[in-house]
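Peer 1: no sequence for this one, just the structure:
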């Protein structure tokens, strides 16, 4: 039985010498939903970018049993759906259909199969009616859902999201949280939204200064005010 995500003793320094990660180890089981929290600059995004080989540090990273090496990147990028904080980084095609079809087309699937993938992915995020719309005319909440659909169309096993609720109004935020709750995938979500963490994730990982400083049941960590305050986090009310 493979872990969906297996990171062992991962360290990474940027070219300017800034050490962003120091000996990080993290194991996430299939279909587990895990929140990743910590102050800005804690190393959360740096760690996430190792999961599909955008960055390569010292240590070992495996996704769904595959080492993250150059020769596996095509398969890994299909298995790990990475959704960035700003959906405009992910949406660049003339229509929503084209954006969601991009990955499956790139994988060389036949037109009929691509159309089915698009339909399934849009249906999963509740955006089936938007198939012919122009992505850049949509609201932030709509764009975030379409960005998630663009990775769901690749049929990933793992969904990795960076600040999914940032910039959303309360209604869009709530509907996005409901969507994430329903998706039957392994999920690692980096966020400052502590209420979402409490509502959605059984397990929380706290990072600070490039290290994992706590990893455990969300309820336990959320009730440890001293721990939260030490790492610049606010206890959700």
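Peer 2: The structure has been received and is ready for your questions. Quick caveat: nothing in here was measured; it's all calculated off a predicted structure. Numbers count the residues shown, from 1 in each chain.
Peer 1: Show me what the lowest-mean-pLDDT helix or strand in the chain is in contact with.
Peer 2: Within the chain, no helix or strand scores below helix 73-79, which has a mean of 89 by mean pLDDT, DSSP states H and E. Under the contact criterion CB atoms under 8 Å, 6 or more residues apart in numbering, helix 73-79 has outside partners 52-53, 63-64, 66, 68, 103, 107, 154-158. C-beta coordinates here come from the backbone N, C-alpha and C atoms, glycine included.
Peer 1: how about CSV for the residues you listed, with pLDDT and distance to residue 122 added?
Peer 2: Shown next, in CSV, are the contacts of helix 73-79 (pLDDT from 0 to 100; distance: CB to CB, whole Å):
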residue, pLDDT, distance to residue 122
52, 90, 23
53, 91, 27
63, 94, 25
64, 91, 25
66, 92, 28
68, 93, 29
103, 92, 13
107, 87, 18
154, 93, 14
155, 93, 14
156, 94, 16
157, 93, 20
158, 95, 20
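Peer 1: By neighbour count, which of those residues wins?
Peer 2: Highest neighbour count within the contacts of helix 73-79: residue 63, with 29 neighbours (other CB atoms under 10 Å).
Peer 1: which ones are touching it?
Peer 2: 4-6, 51-52, 76, 79-80, 158.
Peer 1: follow-up on the earlier one: out of the contacts of helix 73-79, which are inside helices?
Peer 2: Those of the contacts of helix 73-79 mapping onto helices are residue 103, per DSSP state H.
Peer 1: Adding distance to residue 189, write the contacts of helix 73-79 out as a markdown table.
Peer 2: Output for the contacts of helix 73-79, formatted as a markdown table (distance: CB to CB, whole Å):
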| residue | distance to residue 189 |
| --- | --- |
| 52 | 15 |
| 53 | 20 |
| 63 | 16 |
| 64 | 18 |
| 66 | 22 |
| 68 | 19 |
| 103 | 20 |
| 107 | 25 |
| 154 | 18 |
| 155 | 19 |
| 156 | 14 |
| 157 | 15 |
| 158 | 11 |
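Peer 1: Just name the closest of the contacts of helix 73-79 to residue 28, please.
Peer 2: Closest approach between these and residue 28, by CB to CB: residue 158, at 8.0 Å.
Peer 1: Show the contacting residues for the closest one.
Peer 2: Counting by CB under 8 Å, 6+ apart, residue 158 touches 4-5, 51, 63-64, 79-81, 185-188.
Peer 1: Which of those are buried? Put it as a ChimeraX command.
Peer 2: To isolate the buried ones among the contacts of residue 158 in ChimeraX, judged by 16 or more other CB atoms under 10 Å, type:
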select :4,5,51,63,64,79,80,81,185,186,187,188
